[in-house]
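[1] Okay, predicted coordinates and the sequence, questions at the end:
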Number of protein chains: 2
Amino acid sequence: MHVFTTAAALQSFVEASRRAGRRLGLVPTMGALHDGHLQLVQAAAADCDDVVASIFVNPTQFNNPEDLRLYPRLPEQDTALLAGAGCTALFMPGVEEMYPQPTVLHFDFGPLERVMEGAHRPGHFNGVATVVSKLFHMARPHRAYFGQKDFQQVAIVRQLIADLSFDLELVVAPTIREADGLAMSSRNRRLSPEARAVAPLLHQVLEQAASQVRQGLAPTQVQAGALAALAQERQFTPEYFEVADAQTLQPLAHYEAGRSVVLCVAAHLGGVRLIDNIVV
Amino acid sequence: MHVFTTAAALQSFVEASRRAGRRLGLVPTMGALHDGHLQLVQAAAADCDDVVASIFVNPTQFNNPEDLRLYPRLPEQDTALLAGAGCTALFMPGVEEMYPQPTVLHFDFGPLERVMEGAHRPGHFNGVATVVSKLFHMARPHRAYFGQKDFQQVAIVRQLIADLSFDLELVVAPTIREADGLAMSSRNRRLSPEARAVAPLLHQVLEQAASQVRQGLAPTQVQAGALAALAQERQFTPEYFEVADAQTLQPLAHYEAGRSVVLCVAAHLGGVRLIDNIVV
């Protein structure tokens, strides 16, 4: 596995690979890899001739400096995991390499970013769209792999690709969970044993809400029930629970035939912010 | 010369060209070509193995529907001119091809677009940045050629390339002028003989202002003098005349050593909006 720290080195690898007619997959990550990431790499390795994984803790998508400071960083362990999963090139740039000068342009995704993560993390999706655009330009993938756990991020990236006519295919892989249902996340490492013990409640609440949606319970009742269930466990501080249209991400007043519903939740647990979702 | 009307056809041409190790130049235009455009194509042909020119009257960068409706369209004549200038592939898509679905994302370039064209044409640079991003992704050029006549557009495209790490080089070519000094523009075709006769005043005013800047006359005085000179010719309705920093495009209160000054003007002349600029 090649390891590149400069865009120029990555770009010459990618250019040579494309010239040789090879198909390229990109798996953008912020490191501290778990099985969710590795399954993205494995999926890319199954589809593509070369797999580029990037590890970059992107400062511009963090609205909370403490969250950025505490974000886990495990480059040696990550490198070994990626090599084992079929990654052919690892791109691990520093902040200076990705942002040699201050960024002036801002992305606005309208209603798509006025809800949920976008509403609670000002500037988050501008940072995501900026770094994803950069990574697309540096790695020039035929396919880019993202996990469904970051549901709204996937919607934003899908819109970015469509609106700017990026010539690549977005592949979305299902959320990978621990045996007890907790969605895998790099932030899970920061949970204390007490917090980790109650963390699966997030997924249980989503499952219960999904079954209520299937039974036709009104969105506001589903939402209220889910927030009440989370409030039962006093270690949790819920941030939002939304019953939304899975395409537009806008909160639903009532269900419409033929349209998927997504349930999304964010909550703080012992100083760690967790998100999860389920599509009904 | 190939003529493509779909992004897919252009992309396979470009992919084959790049795979063969050929260098690609892109000249994005809105058609109704004049010598300014053709010199961009000739410059690209001198530098690159393949030259893609695009002709697309981009609706999203027109804030004025009448301006869009009246924008000159001369596809047959343009095609012949491009073939003669060394263009190897012409991309002439329809609106449906460029915008198969409504665009959701908006670009905001901050102070760079709060002045001059950006201030007077709301949404203009969002449309420019969107269509330029699309064309870059469809044509994948090593180099992209723009004319200095659209000075603020060049600044926006330079920022777009830097901020999203587009892997290409921006080439800016000097404004090409008629013998009497009028900057070449597709919109000049719409000038009546009476308007055309006085049109060179725009450039004369810029030249006079430039000489005042060189003499150290204060920016506000240069501006006032230029607007007064334009008002002498009653066919002109000046929109703005700015003495600005050539990098940031912000209006200058006073000159700073070592920084270039740009003088930019926009004026209506017999129902046609003209712009011009000069760097001091």
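    On my side now, so go ahead.
[2] give the contact list for the closest residue to residue A:105 other than its chain neighbours.
    Nearest residue to residue A:105 in three dimensions, chain neighbours excluded: residue B:163, at 4.6 Å (CB to CB, 6 or more residues apart in numbering or on different chains). Bear in mind the C-beta positions are built from the backbone N, C-alpha and C, glycine included. Counting by CB atoms under 8 Å, 6 or more residues apart in numbering or on different chains, residue B:163 makes contact with A:103-105, A:130.
[3] Mind putting these into a markdown table with neighbour count and pLDDT?
    A markdown table is the format used below for these (neighbours: other CB atoms under 10 Å in any protein chain shown; pLDDT from 0 to 100):
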| residue | neighbour count | pLDDT |
| --- | --- | --- |
| A:103 | 18 | 96 |
| A:104 | 18 | 97 |
| A:105 | 22 | 97 |
| A:130 | 23 | 98 |
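[4] Farthest pair within those residues?
    The span of those, defined through CB to CB, is set by A:104 and A:130 at 10.6 Å.
[5] how close does residue A:180 get to chain B?
    Distance, residue A:180 to chain B, by CB to the nearest CB, to the nearest Å: 37 Å.
[6] Over to that residue. Which of the three states is it?
    Here residue A:180 is coil, with the state taken from DSSP: H, G, I helix; E, B strand; the rest coil.
[7] Kindly report the same for residue A:276.
    Applying three-state DSSP: residue A:276 is strand.
[8] Could you list the domains of chain A?
    Taking automatic domain parsing as the criterion, chain A consists of the domains A:2-173, A:186-279.
[9] Just give me the residue closest to the centre of chain A.
    residue A:150 (3.5 Å; CA atoms, centre = their mean).
[10] Now do the same contact list for the nearest residue to residue A:214 once chain neighbours are set aside.
    Of all residues not flanking residue A:214 in the chain, residue A:280 sits nearest, at 6.4 Å (CB to CB, 6+ apart). For residue A:280, the contact set (CB under 8 Å, 6+ apart) comprises A:210, A:213-214, A:260-263.
[11] Enumerate the residues of the stretch 101-250 of chain A near chain B.
    With CB under 8 Å from any CB of the partner chain as the criterion, the stretch 101-250 of chain A comes near chain B at residues A:101, A:103-110, A:112, A:129-130, A:133-134, A:137-138, A:140, A:159-160, A:162-167.
[12] one more time with 7 Å
    Within the stretch 101-250 of chain A, the positions adjacent to chain B are A:101, A:103-110, A:112, A:130, A:133-134, A:137-138, A:159-160, A:162-167 by CB under 7 Å from any CB of the partner chain.
[13] Can I have the buried ones of these as a PyMOL selection?
    Buried members of those, defined by 16 or more other CB atoms under 10 Å in any protein chain shown, are picked up in PyMOL with:
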select buried, chain A and resi 103+104+105+106+107+108+109+112+130+133+134+137+138+159+160+162+163+164+165+166+167
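[14] Out of the residues of the stretch 101-250 of chain A next to chain B, name the ones that lie in strands.
    Per DSSP state E, strands hold the following members of these: A:106-108.
[15] Going along the chain, name the strands of the stretch 1-150 of chain A.
    For the stretch 1-150 of chain A, strands defined by DSSP state E, counting those that start in this stretch occupy the ranges A:2-4, A:24-29, A:50-55, A:89-91, A:106-108, A:143-147.
[16] Pull out the buried residues from the last one.
    It stands for strand A:143-147. Within strand A:143-147, the residues scored as buried using 16+ other CB under 10 Å are A:143-147.
[17] quick one: which of those residues is nearest chain B?
    Nearest to chain B among the buried residues of strand A:143-147: residue A:144, at 13.4 Å, using CB to the nearest CB.
[18] what's across from the closest one in the sheet?
    Counting by DSSP bridges, residue A:144 forms beta bridges with residue A:26, residue A:170.
[19] State whether it and residue A:173 are indeed in contact, as I suppose.
    No - with contact defined as CB atoms under 7 Å, residue A:144 does not reach residue A:173; the gap is 11.3 Å.
[20] how about the domains of chain A in JSON lines, adding distance to residue B:46?
    What follows is those, written out as JSON lines (distance: least, CB to CB, whole Å):
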{"stretch": "domain A:2-173", "distance to residue B:46": "23"}
{"stretch": "domain A:186-279", "distance to residue B:46": "48"}
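[21] I'd like to know which of those lies nearest to residue B:66.
    Of all those, domain A:2-173 sits nearest to residue B:66, with 26.5 Å by CB to CB.
[22] Straight-line length of the closest one, end to end?
    End-to-end distance for domain A:2-173: 25 Å, by CA to CA, to the nearest Å.
[23] next one: stretch A:22-31
    Stretch A:22-31 has an end-to-end distance of 26 Å (criterion: CA to CA).
[24] the inter-axis angle of the longest helix along chain A versus strand A:24-29?
    When chain A is parsed with DSSP state H, its longest helix is helix A:124-139. With axes from the mean of the first three to the mean of the last three CA atoms, to 10 degrees as the basis, helix A:124-139 and strand A:24-29 are set at 150 degrees to each other.
[25] Against which helices or strands is helix A:124-139 packed?
    In terms of contacts (3 or more CB pairs under 7 Å, 6 or more residues apart in numbering or on different chains; DSSP states H and E), helix A:124-139 is packed against helix A:7-19, strand A:24-29, strand A:50-55, strand A:106-108, helix A:116-120, helix A:151-163.
[26] Dump stretch A:255-263 to CSV, restricted to CA.
    C-alpha atoms of stretch A:255-263 as CSV (Å, rounded to 0.1, in the frame of the first residue of the first chain):
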residue,chain,number,x,y,z
TYR,A,255,-47.0,10.3,5.8
GLU,A,256,-47.3,10.2,2.0
ALA,A,257,-47.7,7.0,0.0
GLY,A,258,-44.7,5.9,-1.9
ARG,A,259,-42.2,8.1,-0.1
SER,A,260,-39.6,6.7,2.3
VAL,A,261,-39.3,8.0,5.8
VAL,A,262,-36.0,8.4,7.7
LEU,A,263,-35.8,8.6,11.5
